[in-house]
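> Structure, please.
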Amino acid sequence: MKLLVSALEASSNLHLKELLKHTGDIEIIGIFDKTIPYGTPIYDISEMAIMGFVDAIKKIRWFYRVADEMVALAKDADKILLMDSSGFNLPLAKKLKTTYPNKEIIYYILPQVWASRVGRVKKLELYCDRLLGILPFEVAYYPQKKVQYVGHPLLDEITTRTKSAQSTVAFMPGSRRSEIAKLLPIFKSLRQKMPDKKAILIIPASFSEEKIASLYGDISIFELSRNTHTSLAQSEFAFICSGTATLEAALIGTPFVLAYIAKSIDYFIAKHIFGLRQIGLSNIILTHHNGTTLHREIIQNEVTVENLFDVFQTTDRTLFAKKSEELRHYLGHGSSENVAKIIGKKEQKNKE
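Take a look at the predicted model:
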């Protein structure tokens, strides 16, 4: 089987690698992480990275050209898998369905319509054949004949749990240059307030030594780690930039605080136009489930050494552990094998 894939985010590619373990004889084409051994991408995900609304506008013409390349490439595909990144993948779905009305389009990791822009639901219904949700509550927003909850991929990928270490603290300032530039100086000062703690700076596994030197500068006060799950499990607390890492920490059971500083215009749009009230996925999930939250969120001008250190000192570890278990129970099970079955193994044929 030849599968056209559009997976722009690093987290999407981690999930893609996991589900490909459960497929049969398959070749993938399109946009994905170049380290995935099932095919060669026309663009690596590093070329697709953007940060916020402003960056997206600057590259919009280029993205249109890339979408046209994907449509041309889809001619040879048996099925199409779109993952997350609705800003790119939803217009792409329209182009693909218009050009190839009989090709099956599967959307895995659905747009967060429960947060904003509910109008995208109608477009997904028109342009996609299968809608695969990874949050139990989100399936209620989509047409029931097409949507299903398949489980959460992190429950397949996380194989370790916190060991309740009492002398290690983890720092995750993000993976984009702008995130690191804003958070790392604060994290460095924060580390100085914990001289009795072992401090681990967790960096993306794909970063080269040259990229680390360029993005991080002098980080000699930290021990470095490329293994997110193991390092979080060995830490008593973590300071984490917004993103998938916050949900990873929650499922591992490591108490943490979310720290995030967005561009002013991006924050204004998110808060006042889209009505965003929470950033952390764990908080969003539990709020929908039972009206509670798991962790503190410190954002924009509130991200100071003093505020972060206060959260470290005052977080109720016992309550966090209880809410972490509630979160795991609510999500239920992993999704990778279920998605692989839907895509179809070697002996299954596309209806086209």
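> host element of residue 29?
Element membership of residue 29, judged by DSSP states H and E, is strand 27-31.
> And that strand, what does it pack against?
In terms of contacts (3 or more C-beta pairs under 8 Å, 6 or more residues apart in numbering; DSSP states H and E), strand 27-31 is packed against strand 2-7, helix 60-73. All C-beta spots, glycine's among them, are computed from the backbone N, C-alpha and C.
> okay, the ones you listed in CSV with distance to residue 297 and mean pLDDT next?
Formatted as CSV, the helices and strands packed on strand 27-31 follow (distance: least, C-beta to C-beta, whole Å; pLDDT from 0 to 100):
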stretch, distance to residue 297, mean pLDDT
strand 2-7, 27, 97
helix 60-73, 30, 92
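> Tell me which of the ones you listed approaches residue 238 most closely.
Nearest to residue 238 among these is strand 2-7 (26.1 Å), distances taken as C-beta to C-beta.
> and residue 340, how many residues sit next to it?
Residue 340: 18 surrounding residues under other C-beta atoms under 10 Å.
> Check which residues of the helix or strand that it is a member of are buried.
Following DSSP H and E, the helix or strand that holds residue 340 is helix 336-343. For helix 336-343, a neighbour-count test (16 or more other C-beta atoms under 10 Å) marks 336, 337, 338, 339, 340, 342, 343 as buried.
> how big is the angle separating it from strand 2-7?
With axes from the mean of the first three to the mean of the last three C-alpha atoms, to 10 degrees defining the directions, helix 336-343 sits at 130 degrees from strand 2-7.
> ok, and what's touching helix 336-343?
By C-beta atoms under 8 Å, 6 or more residues apart in numbering, the list of residues contacting helix 336-343 from outside reads 1, 3, 15, 18-23, 26, 79, 81, 106, 108, 130, 132, 150-151, 153, 156.
> So residue 262 is in contact with residue 303, correct?
No. Under the criterion of C-beta atoms under 8 Å, residue 262 makes no contact with residue 303, lying 10.4 Å away.
> Between the two, which contacts overlap?
Counting by C-beta under 8 Å, 6+ apart, no residue touches both residue 262 and residue 303.
> Mind checking which of the contacts of helix 336-343 are in strands?
Of those, the ones assigned to strands by DSSP state E are 3, 79, 81, 106, 108, 130, 132.
> Could you give the bridge partners of the last one?
Read it as residue 132. In this entry, residue 132 is beta-bridged to residue 108, residue 148, by DSSP bridges.
> Residue 145 should be in a strand, yeah?
No. Counting by DSSP: H, G, I helix; E, B strand; the rest coil, one finds residue 145 to be coil, located in no strand.
> mind listing what it touches?
So residue 145 contacts nothing (C-beta under 8 Å, 6+ apart).
> That one and residue 155: what is the separation?
Per C-beta to C-beta, to the nearest Å, residue 145 is found 26 Å from residue 155.
> just to revisit the earlier point, any of the contacts of helix 336-343 buried? List them.
Here, 16+ other C-beta under 10 Å leaves 1, 3, 15, 18-20, 23, 26, 79, 81, 106, 108, 130, 132, 150-151, 153, 156 buried among these.
> give me every residue that touches the spatially closest residue to residue 194 that is not a sequence neighbour.
Leaving out its chain neighbours, the residue that sits closest to residue 194 by C-beta to C-beta, 6 or more residues apart in numbering is residue 169, at 6.0 Å. For residue 169, the contact set (C-beta under 8 Å, 6+ apart) comprises 191, 194, 197, 198, 199, 200, 235, 236, 237, 238, 239, 312.
> If we ignore the residues flanking it in sequence, what's nearest the third one?
With sequence-adjacent residues excluded and distances taken as C-beta to C-beta, 6+ apart, residue 197 is closest to residue 169, at 4.8 Å.
> my read is that neighbour is in a strand, agree?
Yes. Residue 169 forms part of a strand when assessed by three-state DSSP.
> And it, what's its pLDDT?
Residue 169 carries a pLDDT value of 97.
> just the helices in the stretch 151-300 of the chain please.
Assigned by DSSP state H, counting those that start in this stretch, the stretch 151-300 of the chain shows helices spanning 154-157, 177-192, 209-216, 228-233, 244-252, 264-268, 281-290.
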